[in-house]
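*Asks:* okay, predicted coordinates and the sequence, questions at the end:
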Amino acid sequence: MIVIIRGRGISRGVGVGRVLKSSAPISFLSGVDPDSGKIVENGHPLEGEFICGRVLVFPYGKGSTVGSYIIYALSKNGKAPAAMINDEAEPIIATGAIIGGVPLVDRLQDSMSPLNDGILVRVDGANGTVEILDDQDREGTT
């Protein structure tokens with residue numbers, strides 16, 4: 001069964017990928033390497049993880065406005081996330097997603113709690129929807 005969660009579309013486009021979720025905000029400037037897509041911020045819960053092709057779920061962005069350019073650089077380097085989902089997308093993340101062509105949705109109606117690491121989702125930034133395509137917790141059950 002496909003579950004659809006509605007939110008607010010910020011950056012158009014559609015992205016499909018496995019969720020990489022953080023309870024902590026992300027700073028793209030000095031927190032994410034634009035050449036590799038690796039989270040390099042010391043002490044961040046996702047430190048050492050690669051965001052390329054994943055659906056990056058985090059509450060909001062933090063840090064300098066140059067973070068928008070880092071999201072753009074990730075996109076140009078082929079290392080951007082497939083999509084992003086925020087509790088509340090602030091201007092740094094929204095601008096970066098738009099100029100980088102990364103689908104972005106925020107303000108989900110049913111919260112982000114069902115979006116656990118590893119589940120496959122489809123994010124539609126134009127319609128503001130997130131579809132849970134499979135839930136690994138249910139794999140192997142009939």
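*Replies:* On my side now, so go ahead.
*Asks:* please, where are all the strands along this structure?
*Replies:* 3-6, 8-11, 14-21, 55-58, 83-86, 104-106, 120-124, 129-134 (DSSP state E).
*Asks:* can you give me the pLDDT of Val3?
*Replies:* If you check Val3, the pLDDT there is 89.
*Asks:* how about the contacts made by the nearest residue to it once chain neighbours are set aside?
*Replies:* Leaving out its chain neighbours, the residue that sits closest to Val3 by CB to CB, 6 or more residues apart in numbering is Ile132, at 4.2 Å. C-beta: built from backbone N, CA, C; applies to glycine. By CB atoms under 8 Å, 6 or more residues apart in numbering, the contact list for Ile132 reads Ile2, Val3, Ile4, Ile5, Pro114, Leu115, Ile119, Leu120, Val121.
*Asks:* I'd like to know how many residues surround the residue nearest to Lys62 when sequence neighbours are not counted.
*Replies:* Once flanking residues are discounted, Lys62 sits nearest to Pro25: 4.3 Å by CB to CB, 6+ apart. Other residues near Pro25 come to 17 when the count uses other CB atoms under 10 Å.
*Asks:* need the per-residue pLDDT for Glu41.
*Replies:* So Glu41 comes in at 97 (pLDDT).
*Asks:* surely it meets Glu47?
*Replies:* Yes - between Glu41 and Glu47 a contact is recorded at 6.1 Å, counting by CB atoms under 8 Å.
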